[in-house]
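Undergrad: Give me coordinates for this.
(chains A and B)
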Amino acid sequence: MHIHFLDPYQEVSSPIHRTDPRVKLVLSLAFILTTALIPIGAWPIYILLVAIIFSAAILSSVGIIYVLKRAVLAFPFMLAALPLVFTTPGLPFYSLNIGPWELTMTLAGVTRFISIALKSWISVQAAILLTATTPFPDLLVAMRAVRVPRLIVAIFGLMWRYLFVLADEALRLIRARAARSGDSGITGFNSGGSFTWRAQTAGGMAGNLFIRSLERSDRIYVAMLSRGYDGEVRTMPLPEMKVSNWIVLIVGGMILSLLVIFSYLVVG
Amino acid sequence: MLFSPTALHIPDGFLSVLLSIVLWVISMTIVAYALRRVGKDLGERQVPLMGLLAAGIFAGQMLNFTVIGGTSGHLMGAAIATILMGPWAAILIMTSVVSIQALVFQDGGLLVLGANIFNMAIVGVTVAYMAYRTVILIAGKKKTGVLIAGFMAAWLSIEIAALSVAIQLAISNTSPANLAIPAMAGVHALIGIGEGLITVGALAFLLSARPDLLQQSEAPQVGSKMVWLVGLLVAVSLVIASPLASTNPDGLEWVAMQNGFLVSAQEPMYRIIPDYLYPGISNEALATIVAGILGIVIVFGVSIGVAYTRRNRQTSDG
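TA: Residues are numbered from 1 along each chain as shown, chains lettered A, B, ... in the order given. The predicted structure follows:
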């Protein structure tokens, strides 16, 4: 089994896939920033944001279902905001009796929790769409264009390239451990041991993985040297931005700015 | 979820914009310095070594071991990277891990990536370094000393990073301090034990397989005293601030209020048209419902419209 299925990029052709990665990166970040700037309880604006992201998902041919499935990732963290329902001061709304405690939900609290959850859910969809429609090397180019330090981009690039190789190594270690951990059903002939023993085995695997990455990096370094690497990371010059991409960028930016202004005008 | 052993990756929407930007600036400054520092030490080996070790730590986070029933112990890796590669390199390695998790796997948000780098790569690494050095100084460089130091470094880095997350959530008013701080501290005190045990296992393995690696990391690096001090300051201030904040949330509420000034400063602007929110409808609840229905119609209208044109295009293509 190889771990390539982890790569979230969806290879299909769509207008969103063809958009310049720089435009996509900047607009996704701007979209997430916009979502964060919208005040609590600005429901109409949230609905517009959902409309934008759903439309983009359809337009990208990746599909709403795919995006929604992956967006489930954002749910567990929402528990952190759940207590707000009871602790935010405001109009009492509903009382829960759990044993000796009486928890009072307030309208302000419910509004706040739902807003945070919605914002988080909308933002994660933007990030999912970005990675589903942009191959990672293109994303690296985009990062360079927005002035992320060259060396960090180079490190990200190399990390990405070997991520799947090392994840495969980790899977092999896990499979080998599973193969040695059978239960024979006969007393005295079971593998495994105490809690600390199991932790130590996992630790040994981690150490093993560390040495393998270290030694692989040495081999890669030598291979890079033999191809003329001198410490300078050279990359292809960034391609010119097409006029249509500039238009998408500017119009997108304007729509998002208008949404922020609108949200403050409409929702007090 | 697959790669998220701890609740330390904050998603977008959970931190205030101001706090996210402040933490971005702090993180970027420290990462830029670490890039220069590591570049001086490693030279042209920097890129392959950092990239591969970041991939290795990422893959290492897949390793787990059964604790009881369905729960399992995982690895975050800040401590082991710090112990073996020194603090500066570890900051770069963890920054790469956290960034790729956010960029590719949506494990943690993008606007809050600066905060996640701050919590895991900067707090995690400096605290791990401080704990490791301190325990080594007391317990000695023999095997037991190294293993105890490794456990403490791993446990403390997780615990303090969790406190940092909880306080950021409380400042942003997305989780109440008196619940978030004890909950995060309690859960991660347990998760930290798993991290500590795996780290000890890894160190024990490396001590027998490649003792040269640990000796090599013994050489003091430039600026390591500063890292130690920063780690101590971070740990002490968070440990002191947390119980204060959770028993006495007024202080944090004050910070949150200061934070909210950015928003409240705009209040006059939207009071210009208070009565024109939903023209013709006087009942506020009714207005909201109407707006909601309108909104849903808009969502469906736009989405279906896009889908329809898209389908037409595809059929004409084929």
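Undergrad: secondary structure element for the closest residue to B:Ser175 other than its chain neighbours?
TA: Of all residues not flanking B:Ser175 in the chain, B:Leu169 sits nearest, at 4.0 Å (Cβ to Cβ, 6 or more residues apart in numbering or on different chains). Using the backbone N, CA and C atoms, a C-beta is placed for each residue, glycine as well. Assigned by DSSP states H and E, B:Leu169 belongs to helix B:143-171.
Undergrad: That helix packs against which elements?
TA: When contacts are defined as 3 or more Cβ pairs under 8 Å, 6 or more residues apart in numbering or on different chains; DSSP states H and E, helix B:143-171 packs onto helix B:17-42, helix B:78-85, helix B:124-139, helix B:177-209, helix B:224-247, helix B:250-264.
Undergrad: Could I get these in JSON lines, plus columns for mean neighbour count and mean pLDDT?
TA: Converted to JSON lines, these look like this (neighbours: other Cβ atoms under 10 Å in any protein chain shown; pLDDT from 0 to 100):
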{"stretch": "helix B:17-42", "mean neighbour count": "18", "mean pLDDT": "93"}
{"stretch": "helix B:78-85", "mean neighbour count": "30", "mean pLDDT": "92"}
{"stretch": "helix B:124-139", "mean neighbour count": "24", "mean pLDDT": "92"}
{"stretch": "helix B:177-209", "mean neighbour count": "22", "mean pLDDT": "88"}
{"stretch": "helix B:224-247", "mean neighbour count": "17", "mean pLDDT": "83"}
{"stretch": "helix B:250-264", "mean neighbour count": "14", "mean pLDDT": "48"}
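Undergrad: B:Gly108: which of those is closest?
TA: Between B:Gly108 and those, the shortest separation by Cβ to Cβ is 11.9 Å, and it involves helix B:17-42.
Undergrad: ok, whichever residue of the stretch 151-268 of chain A sits closest to chain B - contacts?
TA: Closest contact between the stretch 151-268 of chain A and chain B, by Cβ to the nearest Cβ, is at A:Gly203 (1.5 Å). With contact taken as Cβ atoms under 8 Å, 6 or more residues apart in numbering or on different chains, A:Gly203 is in contact with B:197-205.
Undergrad: Also B:Ile198?
TA: A:199, A:202-203, A:206, B:63, B:65, B:73-75, B:154 are the contacts of B:Ile198 under Cβ under 8 Å, 6+ apart.
Undergrad: Mind picking the lowest-pLDDT entry from those?
TA: Among the contacts of B:Ile198, B:Gly73 has the lowest pLDDT, at 66.
Undergrad: did I read that right, A:Met105 in a strand?
TA: Yes. Counting by DSSP: H, G, I helix; E, B strand; the rest coil, A:Met105 falls inside a strand.
Undergrad: residue contacts, it?
TA: The contact partners of A:Met105, taken as Cβ under 8 Å, 6+ apart, are A:85-86, A:92-96.
Undergrad: In helices, which of those appear?
TA: Judged by DSSP state H, helices contain the following of the contacts of A:Met105: A:85-86.
Undergrad: For the least confident helix or strand in chain A by mean pLDDT, name the packing helices and strands.
TA: Sorting the helices and strands of chain A by mean pLDDT, DSSP states H and E puts strand A:92-98 at the bottom, at a mean of 73. Counting contacts by 3+ Cβ pairs under 8 Å, 6+ apart, strand A:92-98 packs against strand A:101-106, helix A:107-133.
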